[in-house]
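[1] Please find the sequence and the predicted model below.
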Amino acid sequence: MGKLLLGRYLQGNSFVHRLDPRAKMILCFYFVLIVFLCNNWQTYLLLSATTLLCAVLSKIKLSYFIKGVMPLIWLILFTVLLQVFFTRGGTVYWQFGPLTLTQFGLLNGVFVFCRFVLIIFMSTLLTLTTPPLAIADATESLMAPLKKIKVPVHEISLMLSIALRFVPTLMDETTKIMNAQRSRGVDFSEGSLVKRIKAVIPLLIPLFVSALTRAEDLATAMEARGYRGGEGRTKYRRQIWQLKDTVSLVFFGLVTVGLIFLRN
Amino acid sequence: MSHTYQVGTPLEEVAVKEVSFEIKNQSFTAIVGHTGSGKSTLLQHLNGLLKPTSGYLTINGHKITPETKNKELGDLRQEVGFVFQFPEAQLFEETVLKDIAFAPKNFGKSEAEALEIAREKAKLVKLPEAVLERSPFELSGGQMRRVAIAGILAMSPKILVLDEPTAGLDPVGRFEMMELFKQLHQKEGLTIILVTHQMNDVANYADHVLVMEEGQLIADTTSKELFSDPSWLKAHHLSLPQTTDFAYQLQQRGISFETLPLTEHELARFLAPKLNQRGKIDG
């Protein structure tokens, strides 16, 4: 389970680390949108260069980003193959029944691959350089306008923080209970599919029980310390918008201009 | 018969460093050491949850080496009952009886046989008959723990490994729990391996003590010997049992002991005649 890179934070003090989490979130989502503006190799090159620049600025080894792509590699390859074999147009290189290998197909395949990789790189960059709690705080701050239409923004963000906070705790708990049930003769890794699904029950029930107990304890602890919801609540970790955040936004704006100029 | 554990396990974080020891059959062994000293890692080797990264251990004739396959560990898991810290977290069945019967069923007993064993073990851990058909989640903390321990005993292990079994219990519950283990040790002939922070329990129950520090075994001795050297214990930030501590303080005030007593009983036997003498002189 340690392989899961999503949501893992690497401590650091680079330019990207020091950006306001809100700026990073805006830019990350914005980047995902403008990736879809790309339609030729010049535009992909521009965005790849941008991504690479961000990665270099974060001072995180490239191998971490590649590890971020790995869990999704089958999904990516599947999509790429669909694109390659089912897009028509241009010179036909090879044909078999409904499958055709065409110039446009190949090109589309490469583009789809780049699109996936760019999006994953950028979101990996966000989670690698931003502590999960800062992301939760930023979400709350960014969604603040939604309060006007009665969206429970503070509660949503609280749920997010609690969920993120308890991921490692629940992982430990799972290992513990697995060990305990293994000692009672449960085999999690062998046997037929039905047997394995059955083996999960002695794991899930104690896990739910402990999660519920934990939730109750946490709620009591919060109320005991006077928690009354988000109204008038101040933050211990304040997020301050700085010049470099504005600079980053402007930079991405310029990239967009370049992108519109380069696309056909 | 004796079995030899020779654990040499430089894990990646080197939790246990080239440890080598032997635990006699039907002994009552206590393992003490501070948090992070490698006790838990060591324990998990005892029923094959972890395998040594180098070296080997032999338990009841089962040899575990780094190459041992998980499949071969089934028998071992049955022979070594492992009671985890806060074992009540492992309960999941609808009724107490079914939960206790879970392990024997996993090890190939029929439903009826397993329930029979469960009833017997419930009696052994002194669970009242009335709770057997209730949900384990309705019971008190102490009772849940008994259910969990019965669930381990239901495998009829020869060795019982206990990881801080009294943590979180009140003094009465703690005493009853330790008496239960004593009974299992004496009447059922189980080999008991107990990890604890309670020096009183070490003094009262264990005959063999292993002390771990930073992944290494720094003492392999009897409880009598361990507690006869208060300065060594102090150097390793371990405390004395209450009784021994009391006697030690008396000794420093001029009352000499041949050996420091470990239990209240021993201390009382030593002090009573002295107090009587004093009484005569005063009277």
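    Right, received. Where do you want to start?
[2] Spit out the contact partners of residue 121.
    Let's take chain A. A:51, A:55, A:65, A:68, A:69 (C-beta atoms under 8 Å, 6 or more residues apart in numbering or on different chains). (C-beta placed from N, C-alpha, C; glycine too.)
[3] that's the wrong chain, I wanted chain B
    By C-beta under 8 Å, 6+ apart, residue B:121 lies in contact with B:100, B:150, B:151, B:153, B:154.
[4] Then residue A:140?
    By C-beta under 8 Å, 6+ apart, the contact list for residue A:140 reads A:153, A:154, A:156, A:157, A:230.
[5] any chance you could map the helices in chain B?
    For chain B, the helices defined by DSSP state H occupy B:39-46, B:74-79, B:96-106, B:111-124, B:141-153, B:171-187, B:199-205, B:223-226, B:230-235, B:242-252, B:264-282.
[6] Packing partners of the second one?
    This points to helix B:74-79. Applying 3 or more C-beta pairs under 8 Å, 6 or more residues apart in numbering or on different chains; DSSP states H and E, one finds that helix B:74-79 contacts strand B:62-64.
[7] Run the chain-centre distance for the strand it packs on.
    On the basis of C-alpha atoms, centre = their mean, to the nearest Å, strand B:62-64 sits 22 Å off its chain's mean C-alpha point.
[8] Relative to it, what are the paired strands and their orientations?
    Using DSSP bridges, strand B:62-64 pairs in its sheet with strand B:57-59 (antiparallel).
[9] Could you give the number of residues near the residue of chain B found nearest chain A?
    In chain B, the residue that lies nearest chain A is residue B:106 (3.1 Å; C-beta to the nearest C-beta). Neighbourhood size, residue B:106 [other C-beta atoms under 10 Å in any protein chain shown]: 21.
[10] likewise the one 5 residues further on?
    Residue B:111 is surrounded by 11 other residues when neighbours are defined as other C-beta under 10 Å.
[11] Ok, residue A:210 next?
    The number of residues near residue A:210, taken as other C-beta under 10 Å, comes to 19.
[12] Surely it is in contact with residue A:173?
    Yes - using C-beta atoms under 8 Å, residue A:210 is in contact with residue A:173, at 5.8 Å.
[13] okay, and the common contacts of the two?
    With contacts defined as C-beta under 8 Å, 6+ apart, the residues adjacent to both residue A:210 and residue A:173 are residue B:89.
[14] How about the residue nearest the centre of chain B: which residues does it bridge to?
    Residue closest to the average C-alpha location in chain B (C-alpha atoms, centre = their mean): residue B:194, at 1.7 Å. Using DSSP bridges, the bridge partners assigned to residue B:194 are residue B:30, residue B:162.
[15] what secondary structure does whichever residue of the stretch 101-250 of chain A sits closest to chain B sit in?
    Chain B sits closest to residue A:185 of the stretch 101-250 of chain A, with a gap of 3.1 Å, by C-beta to the nearest C-beta. With DSSP: H, G, I helix; E, B strand; the rest coil as the basis, residue A:185 sits in coil.
[16] burial count for residue 252?
    All of this is about chain A. Counted with other C-beta under 10 Å, residues neighbouring residue A:252 total 17.
[17] Oops, wrong one, chain B.
    9.
[18] swap in residue A:169?
    Close neighbours of residue A:169, defined as other C-beta under 10 Å, add up to 12.
[19] Please name the nearest non-neighbouring residue to it.
    Leaving out its chain neighbours, the residue that sits closest to residue A:169 by C-beta to C-beta, 6 or more residues apart in numbering or on different chains is residue A:214, at 7.7 Å.
[20] show me the contacts for the nearest residue to residue B:210 once chain neighbours are set aside.
    Leaving aside its chain neighbours, residue B:210 sits nearest to residue B:31 (4.8 Å; criterion: C-beta to C-beta, 6+ apart). By C-beta under 8 Å, 6+ apart, residue B:31 lies in contact with B:39, B:42, B:43, B:193, B:194, B:195, B:196, B:209, B:210, B:211, B:212.
[21] Now which of those would you call buried?
    B:39, B:42, B:43, B:193, B:194, B:195, B:196, B:209, B:210, B:211, B:212 (16 or more other C-beta atoms under 10 Å in any protein chain shown).
[22] okay, who's weakest in the contacts of residue A:121 by pLDDT?
    Minimum pLDDT across the contacts of residue A:121 is recorded for residue A:68, with 81.
[23] Which of the three states applies to it?
    Applying three-state DSSP: residue A:68 is helix.
[24] and the stretch 51-200 of chain A, which of its residues are near chain B?
    Contact residues (C-beta under 8 Å from any C-beta of the partner chain) of the stretch 51-200 of chain A with chain B: A:173, A:176-177, A:179-186, A:189-190.
[25] Just the CA trace of stretch B:116-124, in PDB.
    What follows is stretch B:116-124, C-alpha atoms only, in PDB (Å, rounded to 0.1, in the frame of the first residue of the first chain):
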ATOM      1  CA  GLU B 116     -18.200 -27.500  21.300                       C
ATOM      2  CA  ILE B 117     -14.600 -26.200  21.700                       C
ATOM      3  CA  ALA B 118     -15.900 -22.700  21.900                       C
ATOM      4  CA  ARG B 119     -18.200 -23.600  24.800                       C
ATOM      5  CA  GLU B 120     -15.300 -25.300  26.600                       C
ATOM      6  CA  LYS B 121     -12.900 -22.400  26.100                       C
ATOM      7  CA  ALA B 122     -15.500 -19.800  27.200                       C
ATOM      8  CA  LYS B 123     -15.700 -21.700  30.500                       C
ATOM      9  CA  LEU B 124     -11.900 -21.700  30.700                       C
END
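[26] Show me what counts as buried in that stretch.
    Using 16+ other C-beta under 10 Å as the test for burial, stretch B:116-124 gives B:117, B:118, B:119, B:121, B:122, B:124.
[27] show me the contacts for the first one.
    So that's residue B:117. For residue B:117, the contacting residues are B:100, B:101, B:104, B:109, B:154, B:156, by C-beta under 8 Å, 6+ apart.
[28] Need the residues you listed in TSV (columns: distance to chain A, pLDDT and neighbour count).
    Listed next are the contacts of residue B:117 as TSV, based on distance: C-beta to the nearest C-beta, whole Å; pLDDT from 0 to 100; neighbours: other C-beta atoms under 10 Å in any protein chain shown:
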residue	distance to chain A	pLDDT	neighbour count
B:100	10	94	32
B:101	11	94	27
B:104	8	92	25
B:109	10	90	18
B:154	9	94	27
B:156	12	91	17
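[29] Please identify which of those is nearest to residue B:25.
    residue B:156 (15.5 Å; C-beta to C-beta).
[30] any idea how far that closest one is from residue B:80?
    To residue B:80, residue B:156 is 11 Å away according to C-beta to C-beta, to the nearest Å.
[31] Could you tell me how far stretch A:96-115 lies from the centre of the chain?
    Taking the mean of its C-alpha atoms, stretch A:96-115 sits 27 Å from the chain's own mean (C-alpha atoms, centre = their mean).
[32] Give me the buried stretch members for it, please.
    Buried residues in stretch A:96-115, counted by 16+ other C-beta under 10 Å: A:100-102, A:105-109, A:111-115.
[33] which of the residues you listed has the weakest pLDDT?
    residue A:100 (79).
[34] Please name every helix or strand in contact with the helix or strand that contains that residue.
    Using DSSP states H and E, residue A:100 maps to strand A:99-102. Strand A:99-102 makes packing contacts with helix A:73-86, strand A:92-96 when contacts are defined by 3+ C-beta pairs under 8 Å, 6+ apart.
[35] I appreciate the help and will end here.
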